[in-house]
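Engineer: what follows is a predicted structure for the sequence shown.
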Amino acid sequence: MEEIFGKVKGWVDRIVEMGLLLVALGVVMQILFGSAVPFLGGDITGNLVKLVGSLGSNGVVGLIAIAIILHLFNRNAK
């Protein structure tokens, strides 16, 4: 049973890592080419700015959410 959970955790880790890489790629593409990058399908940098703004306006809950996001970004840096 523990082996199954380990495999599922590995898959989820890889999916989250791939998602973060795609978000980073989208941000770089929008910085280089502007907001009219045809294959992105949305305004990634605008959405990130809205997310940070909404987290900042929520006080302690926003701080906890930012801590979780930072943990996700930094967990593979060790």
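Structural biologist: Arrived safely. Numbers count the residues shown, from 1 in each chain.

Engineer: can you list the buried residues in the lowest-mean-pLDDT helix or strand in the chain?
Structural biologist: Ranking every helix and strand in the chain by mean pLDDT, DSSP states H and E puts helix 60-74 at the bottom, with a mean of 76. Judged by neighbour count (16 or more other C-beta atoms under 10 Å), helix 60-74 contains these buried residues: G62, A65. (C-beta placed from N, C-alpha, C; glycine too.)

Engineer: for it, packing partners?
Structural biologist: helix 2-33, helix 44-56 (3 or more C-beta pairs under 8 Å, 6 or more residues apart in numbering; DSSP states H and E).

Engineer: can you say which of those helices is packed in most?
Structural biologist: helix 44-56 (a mean of 13; mean count of other C-beta atoms under 10 Å).

Engineer: tilt between that helix and helix 2-33?
Structural biologist: Between the axes of helix 44-56 and helix 2-33, defined by axes from the mean of the first three to the mean of the last three C-alpha atoms, to 10 degrees, the angle is 120 degrees.
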